[in-house]
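K.L.:
quick one, fold the following:
(one chain, ligands or ions: 1)
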Amino acid sequence: MRASLLQIDVNDDESVNSRRERVASLVRAQQDSDLVVLPELWPTGAWAYEGFAEEAEPLEGPTYEVMAKAARDAGVWLHAGSFVERDPEGPLFNTSLVFSPEGELAAVYRKIHRFGFDEGEAALMAAGGELVSVRTPGLCLGLATCYDLRFPELFRGLLDAGATAFVIPAGWPAKRRGHWTLLARARAVENQAYVLACGTAGTHGGVEQAGHSIVVDPWGEVLAEAGPGEEVLVVELEPGRPEATREQFPALKDRLLGLAAPRR
Ligand SMILES: O=C(O)CCC(=O)C(=O)O
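P.N.:
Sure thing, here's the model as predicted:
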């Protein structure tokens with residue numbers, strides 16, 4: 001099973017419309033892959049907060065339309081990264097879409113952990129409240145977005161829902177790149193699952209992006225890692241590898257659920 005992670009250069013000079021068309025062409029060029037992954041908030045830029053309200057789209061807005069068609073044209077499973085969704089009730093969400101190779105919507109995930117400590121995304125957006133996984137013929141994909149990577153309990157929830165791979169679009173800043181790589185490997189090792197973490201390149205909203213999209217196998221080995229610039233990272237995954245790893249080294253069977261809090 002071949003996956004392509006499209007590490008897009010997201011900068012403030014390119015308009016949302018032209019970036020959308022450019023990214024759609026890049027998706028269409030991945031016909032040899034089974035799964036294509038895009039980063040977080042690539043249409044607007046994850047850090048370009050001032051544009052969020054103006055650029056917000058309904059669920060089935062321009063990003064949905066263009067990406068559904070690109071998935072169908074390429075005949076791939078497409079994790080279309082995320083975009084700023086305006087819910088009909090008013091709130092904004094950081095919303096990821098997954099399309100089947102027929103261009104049908106297969107999953108919608110609204111980012112649960114918003115970044116910003118009461119500012120930026122955390123102030124402007126509402127939190128999603130639902131764990132989402134999607135079964136493809138090869139792997140069961142558990143969905144998470146950027147800052148979610150710091151919350152292992154979310155990944156345990158996805159594991160319990162059957163996930164064998166985690167797909168994590170991000171707009172991770174360069175200054176915390178060390179955490180990105182470490183956390184991606186940790187989530188893979190502790191859950192014995194593939195991690196496909198796709199970030200952005202470039203600088204937007206004044207924040208230099210880490211790039212360095214990464215694919216980690218269920219044993220924690222880095223299968224592929226991008227550099228800092230725009231890049232298509234192509235990697236071969238083995239369906240069945242997570243299950244085989246879990247059988248050979250059955251640490252997940254030793255989980256102790258519901259441990260009591262320490263007595264004071
Ligand atoms: O956790 C971090 O260091 C970065 C998170 C982030 O950039 C985001 O969620 O948008």
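K.L.:
now do the contacts for residue 128.
P.N.:
Taking C-beta atoms under 8 Å, 6 or more residues apart in numbering, we find residue 128 in contact with 93, 94, 95, 109, 110, 111, 112. C-beta: built from backbone N, CA, C; applies to glycine.
K.L.:
would you confirm that it belongs to a helix?
P.N.:
No. Read with DSSP: H, G, I helix; E, B strand; the rest coil, residue 128 is coil and lies in no helix.
K.L.:
skipping its backbone neighbours, what lies nearest it in space?
P.N.:
residue 110 (2.8 Å; C-beta to C-beta, 6 or more residues apart in numbering).
K.L.:
list the contacts for that neighbour?
P.N.:
Here residue 110 is in contact with 85, 93, 94, 95, 96, 126, 127, 128, 129, 130 (C-beta under 8 Å, 6+ apart).
K.L.:
got it, and residue 95?
P.N.:
59, 82, 83, 84, 85, 108, 109, 110, 111, 128.
K.L.:
now it, nearest residue through space, not along the chain?
P.N.:
residue 85 (3.8 Å).
K.L.:
tell me the helix or strand right after the helix or strand where the one you found lies.
P.N.:
With secondary structure defined by DSSP states H and E, residue 85 is part of strand 77-86. Counting by DSSP H and E, the next helix or strand C-terminal to strand 77-86 is strand 92-99.
K.L.:
report the inter-axis angle for that next one versus strand 77-86.
P.N.:
Here the directions of strand 92-99 and strand 77-86 differ by 160 degrees (axes from the mean of the first three to the mean of the last three C-alpha atoms, to 10 degrees).
K.L.:
strand 92-99 pairs with which strands, and in what direction?
P.N.:
Sheet partners assigned to strand 92-99 using DSSP bridges are listed as strand 77-86 (antiparallel), strand 105-110 (antiparallel).
K.L.:
to the ligand, which of those lies closest?
P.N.:
Nearest to the ligand, of all the strands paired with strand 92-99, is strand 77-86, at 9.8 Å by C-beta to the nearest ligand atom.
K.L.:
the lengthiest helix in the chain packs against which elements?
P.N.:
With secondary structure taken from DSSP state H, the chain has its longest helix at helix 177-191. Other elements packing on helix 177-191 under the criterion 3 or more C-beta pairs under 8 Å, 6 or more residues apart in numbering; DSSP states H and E are helix 152-160, strand 165-169, strand 194-198, strand 214-216, strand 222-225.
K.L.:
hmm, 10 Å instead?
P.N.:
helix 152-160, strand 165-169, strand 194-198, strand 214-216, strand 222-225, helix 241-248 (3 or more C-beta pairs under 10 Å, 6 or more residues apart in numbering; DSSP states H and E).
K.L.:
possible to save the contacts of residue 95 as JSON lines with pLDDT and distance to the ligand?
P.N.:
Supplementary listing: these in JSON lines, determined by pLDDT from 0 to 100; distance: C-beta to the nearest ligand atom, whole Å:
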{"residue": "59", "pLDDT": "97", "distance to the ligand": "20"}
{"residue": "82", "pLDDT": "98", "distance to the ligand": "10"}
{"residue": "83", "pLDDT": "98", "distance to the ligand": "14"}
{"residue": "84", "pLDDT": "98", "distance to the ligand": "12"}
{"residue": "85", "pLDDT": "98", "distance to the ligand": "15"}
{"residue": "108", "pLDDT": "98", "distance to the ligand": "18"}
{"residue": "109", "pLDDT": "98", "distance to the ligand": "14"}
{"residue": "110", "pLDDT": "98", "distance to the ligand": "13"}
{"residue": "111", "pLDDT": "98", "distance to the ligand": "7"}
{"residue": "128", "pLDDT": "97", "distance to the ligand": "13"}
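K.L.:
which parts of the stretch 51-200 of the chain sit against the ligand?
P.N.:
115, 146, 147, 150, 171, 172, 173, 176, 179 (C-beta under 6 Å from any ligand atom).
K.L.:
what about stretch 200-209, average pLDDT?
P.N.:
Averaged across stretch 200-209, the pLDDT comes to 96.
K.L.:
and that stretch, end to end?
P.N.:
The first residue of stretch 200-209 is 6 Å away from its last residue (C-alpha to C-alpha, to the nearest Å).
K.L.:
buried residues in it?
P.N.:
By 16 or more other C-beta atoms under 10 Å, the buried positions in stretch 200-209 come out as 200, 201, 202, 203, 204, 205, 207, 209.
K.L.:
appreciated, that's everything.
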